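Engineer: please work out how this folds:
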Amino acid sequence: MSFEISLIIPTYNEDKNLELLVDKIVNSIKIKKKYYQIIVVDDNSTDDTSAVLKKLKKKYTQFSFYVRKNKIRDLSKSCILGFTKSRFENVLVMDADLQHNPRYINKFTKIFFQNNCDIVVGCRNFKKIIKIDYLSSFRYFLSLVIITFYNKLLGFRSSDPMSGFFLFKKKLFTKYKKDFFSKGYKILLDFLYNCNNDLKIVDIQIIFDQRVENSSKINMKVLFYIIEFLFVKILKNFFFISFLKKPN
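Structural biologist: This next block holds a predicted model:
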């Protein structure tokens with residue numbers, strides 16, 4: 001297995017956080033810069049993200065960025081663009097809002113490579129989340145309810161299938177992308193429920209850091225896509241099972 005990774009960071013209006021995040025990644029990651037790259041995919045931000053991206057491009061040789069100028073903004077499609085532009089066979093996805101601490105990257109890569117994992121997922125600890133994580137009670141309970149439905153109705157894959165912080169083998173995307181939902185704000189769901197069921201998936205508990213600037217982007221549109229994915233997957237599974245049981 002190649003010990004190289006591409007870091008994909010989808011972003012929208014995170015100009016206050018982006019440079020600090022990239023600086024933290026570069027300063028904390030224990031991989032020689034020729035063995036990793038940082039790709040930011042901007043969903044056509046309306047703040048000063050463009051200027052920050054150009055500055056980072058000059059600052060770090062291992063940094064690059066792309067801008068999606070589609071009218072419909074979509075985190076999954078931003079991630080997918082990043083996957084197609086990545087040059088390494090292992091890909092890590094993380095948010096740009098500083099709630100995913102770069103210090104976990106070294107732990108992710110160590111476990112991923114030592115155990116030859118297919119996916120490593122950064123999972124929130126829901127038993128302690130109200131006390132030590134900076135999430136509102138509403139988001140906490142909403143996430144917990146949705147995760148429970150996914151694990152009960154589609155089968156357990158991870159204790160936090162809605163995480164936005166995970167590392168995976170790029171060949172999974174290449175092989176199964178035609179089956180992906182490919183829209184919405186939780187791209188990990190596609191890897192967990194639209195790839196081979198025999199994947200080696202390891203959960204790592206993480207603590208969300210406090211958002212420094214801007215506000216959470218969770219809204220009804222995000223919730224709709226999460227629920228839509230669940231029902232589409234349930235229907236596909238139902239028709240597949242019905243087809244298998246159909247008498248000759």
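Engineer: show me the shaky parts of the protein.
Structural biologist: 1-2, 127-138, 210-219, 237-248 (pLDDT under 70).
Engineer: let's see that with 80 instead.
Structural biologist: 1-2, 70-71, 125-141, 209-222, 236-248 (pLDDT under 80).
Engineer: give me the buried positions along the strand or helix carrying K77.
Structural biologist: Using DSSP states H and E, K77 maps to helix 75-85. Within helix 75-85, the residues scored as buried using 16 or more other CB atoms under 10 Å are L75, S76, K77, S78, C79, I80, L81, G82, F83. Placement of C-beta: from N, CA and C, glycine included.
Engineer: export those residues as CSV, with columns for distance to L20.
Structural biologist: Below are the buried residues of helix 75-85 laid out as CSV (distance: CB to CB, whole Å):
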residue, distance to L20
L75, 20
S76, 25
K77, 25
S78, 20
C79, 21
I80, 26
L81, 23
G82, 20
F83, 25
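Engineer: just to revisit the earlier point, downstream of the helix holding K77, the next helix or strand is which one?
Structural biologist: Where DSSP H and E defines the elements, the next helix or strand beyond helix 75-85 is strand 90-93.
Engineer: report all helices and strands that that following strand contacts.
Structural biologist: Where contact means 3 or more CB pairs under 8 Å, 6 or more residues apart in numbering; DSSP states H and E, strand 90-93 is packed against strand 5-11, helix 75-85, helix 104-114, strand 166-169, helix 170-176.
Engineer: restricting to C-alpha, output the third one in PDB.
Structural biologist: Output of helix 104-114 as PDB, limited to C-alpha atoms (Å, rounded to 0.1, in the frame of the first residue of the first chain):
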ATOM      1  CA  TYR A 104      -6.300  13.500  14.300                       C
ATOM      2  CA  ILE A 105      -4.800  13.100  10.800                       C
ATOM      3  CA  ASN A 106      -1.700  11.400  12.100                       C
ATOM      4  CA  LYS A 107      -3.800   8.900  14.100                       C
ATOM      5  CA  PHE A 108      -6.100   8.300  11.100                       C
ATOM      6  CA  THR A 109      -3.100   7.500   8.800                       C
ATOM      7  CA  LYS A 110      -1.300   5.300  11.400                       C
ATOM      8  CA  ILE A 111      -4.400   3.100  11.900                       C
ATOM      9  CA  PHE A 112      -5.300   3.100   8.200                       C
ATOM     10  CA  PHE A 113      -1.900   2.000   7.000                       C
ATOM     11  CA  GLN A 114      -1.100  -0.400   9.800                       C
END
